[in-house]
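Peer 1: Kindly generate the corresponding structure for this input.
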Amino acid sequence: MKTALITGSSRGIGAAIARRLAKSYKIVINYNNSEEPALALLEELRQINPYVIAVKADMTKEDEVDYLFKTAEENFGHVDILINNAGKSYVGLIQDMDFEKWQEMVNTNLNSVFLATKRALGPMISEKNGVIINISSIWGKEGAALEACYSATKGGVNTFTKALSKELAPSNIRVNAVAPGVVLTDMMKNDYSERELDLIKEDIGLGRFANPKEIADLVTFLISDEASYITGSIVDINGGFY
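Peer 2: This next block holds a predicted model:
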């Protein structure tokens with residue numbers, strides 16, 4: 001049974017991915033501040049799979065990322081599948097955003113991807129096998145007003161994905177990104193009012209937001225052997241938003 005490590009997986013898309021993979025993989029749940037939902041998810045998943053652990057680690061700090069991977073390796077051996085999901089959003093005019101907040105966003109959404117990926121690669125390269133999935137966003141391709149920093153970080157994730165896939169293809173390591181449109185998570189509910197969400201929904205071809213499980217289903221396919229020839233792709237899943 002392979003090991004899948006999912007960063008920022010206490011809730012939202014990350015938790016949905018952990019639930020979707022729990023029947024077939026050893027699971028490493030990662031959280032930083034959301035201890036209560038992480039432990040609740042751990043208890044839930046252990047009902048169907050004893051090979052699940054939850055590890056607190058700030059993905060923007062190299063020593064804590066190293067601790068996360070060491071804990072995973074001590075429990076399950078090396079990480080076969082890395083899903084870089086940790087992230088946060090910011091909605092507001094760019095002139096109202098201070099540099100400290102900008103740096104925080106870049107650290108969480110982009111630097112964490114670098115740190116986790118770098119730490120995962122040693123064993124993957126030795127084994128000549130591995131899969132990395134980066135959770136991006138529709139705004140990483142299109143950009144969004146009031147989300148310039150978020151868009152920039154996700155654009156960085158996209159180009160990092162493409163470049164890294166070329167670098168790692170000789171080692172049989174596949175690297176892809178998933179670019180969701182609007183997914184109904186707590187983060188979305190906190191960032192937008194009901195009226196704003198209704199207006200966004202009008203622009204979506206299918207007329208609804210994605211369920212986190214639908215993102216998890218796509219990730220499940222991309223890490224599987226059925227997707228063995230897919231690498232360097234930014235896979236859209238946005239209900240016809242564009």
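Peer 1: And the helices in the chain, which stretches?
Peer 2: Applying DSSP state H to the chain gives helices spanning 12-21, 35-45, 62-76, 99-106, 112-127, 139-142, 148-168, 186-191, 194-201, 212-223.
Peer 1: Identify, out of the ones you listed, the most deeply packed stretch.
Peer 2: helix 12-21 (a mean of 24; mean count of other C-beta atoms under 10 Å). C-beta coordinates here come from the backbone N, C-alpha and C atoms, glycine included.
Peer 1: What are the neighbouring residues in contact with the nearest residue to Leu206 once chain neighbours are set aside?
Peer 2: Residue nearest to Leu206 in three dimensions, not counting chain neighbours: Gly239, with 3.9 Å by C-beta to C-beta, 6 or more residues apart in numbering. Residues near Gly239 by C-beta atoms under 8 Å, 6 or more residues apart in numbering: 181-182, 204-210.
Peer 1: can you check Phe76 too?
Peer 2: With the criterion set at C-beta under 8 Å, 6+ apart, Phe76 makes contact with 3, 26, 28, 51, 53.
Peer 1: top of those by neighbour count?
Peer 2: Within the contacts of Phe76, neighbour counts (other C-beta atoms under 10 Å) peak at Val28, which reaches 29 neighbours.
Peer 1: Touching, Glu35 and Leu42? I think so.
Peer 2: No - checked against C-beta atoms under 8 Å, the pair Glu35 and Leu42 is beyond contact range at 10.3 Å.
Peer 1: Including distance to Val175 and mean pLDDT, could the helices of the chain go into TSV?
Peer 2: Output for these, formatted as TSV (distance: least, C-beta to C-beta, whole Å; pLDDT from 0 to 100):
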stretch	distance to Val175	mean pLDDT
helix 12-21	17	97
helix 35-45	26	98
helix 62-76	17	98
helix 99-106	20	98
helix 112-127	8	98
helix 139-142	15	94
helix 148-168	4	98
helix 186-191	25	72
helix 194-201	30	86
helix 212-223	10	98
